[in-house]
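> Pasting the sequence and the predicted coordinates here, then a few questions.
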Amino acid sequence: LFLDLDRFKSVNDSLGHGVGDDLLIAVAKRLRKCIREDDVICRMGGDEFTAVINNFESLQNVSLIADKIIKNISRPFHIQNHIVRVSTSVGITIFPDDAENPEALLKNADAAMYSAKDSGTGIYRYYDIAMRDKADGSRQIENGLERALERGEFFLEYQPKLDLARNKIIG
């Protein structure tokens, strides 16, 4: 599972990085309570966490864990005399169905997490191949735009907007 906190930046911006840091510690403690003792939870950086769920019986069990995480993270946190509310978006990928190495699993779980974020906050999505295709397409567009910018291939054109009733340029 790949988790990203929703609205974490606004916590740092409005309440300060000290509150943000304490929130991350509190989130990690709650996450630890949502998984089994032999599962692994770690902070990847920023406000991103991963959870490795070992030896699950079915995808339904994984969904139950994701639901439990989302529910627990959405409860208010009491941090330095502040009540802080965040939610989390979760991307899920399955070994070996979706990938056979850790890097690919993380990449796919990240794509699933962004798909969850695109659908709203406080939800999870399982990885599917269409997510990778979408991410690859977006990356190709970004790379193409960067190359075009470097080569000076952009130019500006103006097209006036006309008010035909008054025969005037309005924009």
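Looks like it arrived, so ask away.
> Output the contacting helices and strands for the lowest-mean-pLDDT helix or strand in the chain.
When each helix and strand of the chain is scored by mean pLDDT, DSSP states H and E, helix 129-150 comes last, with a mean of 78. When contacts are defined as 3 or more C-beta pairs under 8 Å, 6 or more residues apart in numbering; DSSP states H and E, helix 129-150 sits against helix 102-119. From N, CA and C alone the C-beta is placed, and that goes for glycine too.
> quick revisit: tell me which strands whatever helix or strand comes next after the least confident helix or strand of the chain pairs with, and in which orientation.
Next helix or strand after helix 129-150 toward the C-terminus (DSSP states H and E): strand 162-163. Strand 162-163 has its sheet partners listed here by DSSP bridges as strand 168-169 (antiparallel).
> and the partner strand, average pLDDT?
What strand 168-169 shows for mean pLDDT is 92.
> same question, stretch 106-119
pLDDT averaged over stretch 106-119 gives 91.
> start the count at 31, not 1, going forward
Will do, 31 is the new start, and the previous item becomes stretch 136-149.
> And the contacts of that stretch?
31-34, 36, 80, 119-123, 128-129, 153-158, 161-162, 164-165 (C-beta atoms under 8 Å, 6 or more residues apart in numbering).
> Now that stretch: buried residues?
Within stretch 136-149, the residues that count as buried by 16 or more other C-beta atoms under 10 Å are 136-147.
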